Structures are given as structure tokens and as C-alpha cells.
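Participant: Pasted the sequence and its predicted model underneath.
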Amino acid sequence: MTDTSRLLEVLGASVVGRVRESELVVAALAADRHVLLEGPPGTGKSTLLRAVAGALGIGFEFVEGTAELTPARLIGYFDPALVLSEGYSPEVFVDGPLLRAVRDGALLYIEEINRVPEETLNVLVTVMSEREVTVPRLGRVEATDGFRLVAAMNPFDAIGTARISGAVYDRVCRVAMGYQGADEETAIVARRIAHTDERLVNAAVGSVRDTRDHPDLRSGSSVRGAIDLVAVAVELAAVRSMSVMDPGVTLDALLVALSGRVRVREGVSARVEEILTCIWSRWFEVDDDVGSGADEGKVIRPTGATPAG
């Protein structure tokens, strides 16, 4: 990497905000270190890592972290049919994403690494430490210069996650990523859904941000919820031949986009639709008289929305 400033400019063109995180990831990779991005869903971890790989012009092997990711799926396997005819020779071995990254000197990106089984994590610990992979009947495969592990993970308390061992943390540089500010999230939505009503974008982002702090919600939505809310509202307005800011349009769009993304706290009696309707009323209901001084702050009943009850 010869021009770090130019690289960061390229990243800025594809990643909204995240200047500090971009600098940290670029610096860690330039130092030939493995990187772990940790943060809640929808904070742009994958977007940032893909952008870095593209800006660096290096290979990028993507692996989805699941409980079914066995060492064989990660490393590779001997083709059973060819083994019968040719035996266990290197020519009949099918490289998995780990060996492809090791041989090519590429980035191995593992998404949601804290969903990966422990035996598979042990394989990663070994290759990070020794920079080589030993495969029975195949032998030792040394990592080409440039190979690094980049991984992303959600917080431990997210559903389906587990704590990763200290051995993994000891071999990576960790970059924490939280939700971005309102202005940056608004820019993300506007970039994804072009030529739409600015009021709709602002209200969608505000609603999503409220879900993260609502006392009755255990977890809120990421900016993806705001993107979907805006996209659905635009199409629903066209279907109904209504304004995109019609209360019935925005309420239904919000319920569709967010009701599956948020989680109600245990012991809370209110249904998710009721909670979201309250959030919607803060951001979307606008009385025609507001601005004229008459009954300022008065809310109106949506005329076309699906009832929350």
C-alpha cells in the first residue's frame, strides 16, 4: 500500500462515514494483522470490509459463519469420485475458501464468526498463528504473503451467538463499530433510495433510531429498516395512488419494515405493532394546520392504514 490517503478517499466514495473505522482497518491490514469488526447488525461491517478489499485490489473469499461450517467445508475435501479412480493425490483435492485465500494471499472474510463451531475456530487459530494449514493426505500448505483473516461478529447477546475464545481475540486487532449518527444514516438511506421525499427519509431514520432506545424494546432496527421503510412507502403510495406521506401509507410501510426487526422485552404486555404505532405517531403524523399556529402538535388518525389491533 503506497498511498494511504488515496485509499481512504476511495473508501469514502463507497462507505458513508466510518472514517475512523476505515483508517483503523487499513492500518491493521497494512501492518499484516488479522482484523475483527464487532458491532450490532446493520452497522456496515460487511460493507466496510468489502470496500477495503476492493480498494486494495486483493482477493476476497467470503464465508458465512453458521453452526454448519465444519472444518472440511472451510478447508476443502478430496473429491470422492476421483479418489476412487486416482487415489488421494493433490489434483483431486477441492480447495475450500480457507485454502483458496491461503494459496492466493487473499483476505478470508468470515461473517458472524461467533456462530462458528469451536472445532472450526480452532482451525482458524492455527492458521493465524502458524500461517499454514496441514491437511491429512494433502500435506502442509503455507500461506502466501497477503493472506489475512478479516471477520465480523454481532455482540455476544445476539440470538444464536456464542463467546469466542480468548485465543481468537489474542490473534486479531478488534475494531468496535456502533450505530452511526442520524446525518450519516440519512445519507445512507438517501443513497440507496434515490429521488424520494426528504421528509420521508428523515422520519424513517428517526423512527428506526427510536426503536433502539425504546424502553419496551430489547433490540431495535438497523438502518436497513429505514431503507426498507422508505422503499415500501414509495411503492405502496403508487399502488394506492396516494401521497408518499399519507398517514395510512407511512404507518403500513413502517409496520411491514420494522415489526420483524425489533424484539419486545420480556414482561411487556404491549404488542410490537402497538409500540411501533406510537413511534410512528411521533415522526409521521402531521396536522394540516401545523405551521399556521392553530392546534399546533395535534395528531390525526390515519385513513388508510391497517389497524394495529
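Facilitator: In hand now; what should we look at?

Participant: Would you map the strands across the stretch 1-150 of the chain?
Facilitator: 35-38, 60-64, 76-78, 93-95, 107-111, 132-135, 139-142, 148-153 (DSSP state E, counting those that start in this stretch).

Participant: And the ones you listed: which comes nearest residue 86?
Facilitator: Closest to residue 86 of the strands of the stretch 1-150 of the chain, according to C-beta to C-beta: strand 76-78, at 9.8 Å. Where you see a C-beta, it was placed from the backbone N, CA and C, and this is true even at glycine.

Participant: Pairing partners for the closest one, with directions?
Facilitator: In the sheet, strand 76-78 lines up against strand 93-95 (antiparallel) (DSSP bridges).

Participant: Which strands or helices does the host helix or strand of residue 190 pack on?
Facilitator: Element membership of residue 190 [criterion: DSSP states H and E] is helix 182-192. Under the contact definition 3 or more C-beta pairs under 8 Å, 6 or more residues apart in numbering; DSSP states H and E, helix 182-192 sits against helix 198-213, helix 223-240.

Participant: List the buried residues for the last one?
Facilitator: Just to be clear, that refers to helix 223-240. 223-234, 236-237 (16 or more other C-beta atoms under 10 Å).

Participant: Present the residues you listed as CSV; the columns should include distance to residue 40 and pLDDT.
Facilitator: Output for the buried residues of helix 223-240, formatted as CSV (distance: C-beta to C-beta, whole Å; pLDDT from 0 to 100):
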residue, distance to residue 40, pLDDT
223, 11, 95
224, 11, 95
225, 12, 97
226, 15, 97
227, 16, 96
228, 17, 97
229, 18, 98
230, 21, 97
231, 22, 97
232, 22, 97
233, 24, 97
234, 27, 96
236, 28, 97
237, 30, 96
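
Participant: As CSV, those with distance to residue 93 would be great.
Facilitator: Below are the buried residues of helix 223-240 laid out as CSV (distance: C-beta to C-beta, whole Å):
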residue, distance to residue 93
223, 42
224, 39
225, 44
226, 46
227, 42
228, 43
229, 48
230, 48
231, 45
232, 47
233, 51
234, 50
236, 52
237, 55
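
Participant: Pick the one among these closest to residue 151.
Facilitator: The closest of the buried residues of helix 223-240, once distances to residue 151 are taken by C-beta to C-beta, is residue 224, at 20.5 Å.

Participant: Can you name the residues that contact the nearest residue to that closest one once chain neighbours are set aside?
Facilitator: Spatial nearest neighbour of residue 224, excluding adjacent residues (C-beta to C-beta, 6 or more residues apart in numbering): residue 42 at 4.8 Å. Residue 42 sits next to 179, 221-225 when contact means C-beta atoms under 8 Å, 6 or more residues apart in numbering.

Participant: Please export the C-alpha coordinates of stretch 136-143 as PDB.
Facilitator: Output of stretch 136-143 as PDB, limited to C-alpha atoms (Å, rounded to 0.1, in the frame of the first residue of the first chain):
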ATOM      1  CA  PRO A 136      -4.300 -35.100   6.100                       C
ATOM      2  CA  ARG A 137      -3.100 -36.900   2.900                       C
ATOM      3  CA  LEU A 138      -2.500 -33.500   1.300                       C
ATOM      4  CA  GLY A 139       0.200 -32.100   3.400                       C
ATOM      5  CA  ARG A 140       1.200 -28.600   4.500                       C
ATOM      6  CA  VAL A 141       0.000 -25.600   2.700                       C
ATOM      7  CA  GLU A 142       1.900 -22.400   3.500                       C
ATOM      8  CA  ALA A 143       0.100 -19.000   3.400                       C
END
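
Participant: Let the chain start at 4 from now.
Facilitator: Taking 4 as the first residue, the last one we looked at is stretch 139-146.

Participant: same question for it, mean pLDDT?
Facilitator: Mean pLDDT, computed over stretch 139-146, is 92.

Participant: same thing with stretch 94-101?
Facilitator: 93.

Participant: hey, C-alpha coordinates of stretch 82-100 in CSV?
Facilitator: What follows is stretch 82-100, C-alpha atoms only, in CSV (Å, rounded to 0.1, in the frame of the first residue of the first chain):
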residue,chain,number,x,y,z
ASP,A,82,-13.4,-35.5,-4.5
PRO,A,83,-14.8,-38.9,-3.6
ALA,A,84,-15.4,-40.0,-7.2
LEU,A,85,-11.9,-39.0,-8.3
VAL,A,86,-10.3,-40.6,-5.2
LEU,A,87,-11.8,-44.0,-6.3
SER,A,88,-10.0,-43.7,-9.7
GLU,A,89,-6.9,-41.7,-8.9
GLY,A,90,-6.3,-42.1,-5.2
TYR,A,91,-5.5,-39.3,-2.7
SER,A,92,-3.5,-37.0,-4.9
PRO,A,93,-3.3,-33.2,-4.7
GLU,A,94,-5.0,-33.0,-8.1
VAL,A,95,-8.3,-34.4,-6.7
PHE,A,96,-8.4,-32.1,-3.7
VAL,A,97,-11.1,-29.4,-3.9
ASP,A,98,-9.9,-26.2,-2.1
GLY,A,99,-12.3,-24.6,0.3
PRO,A,100,-12.4,-20.8,0.9
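
Participant: Appreciated, that's everything.
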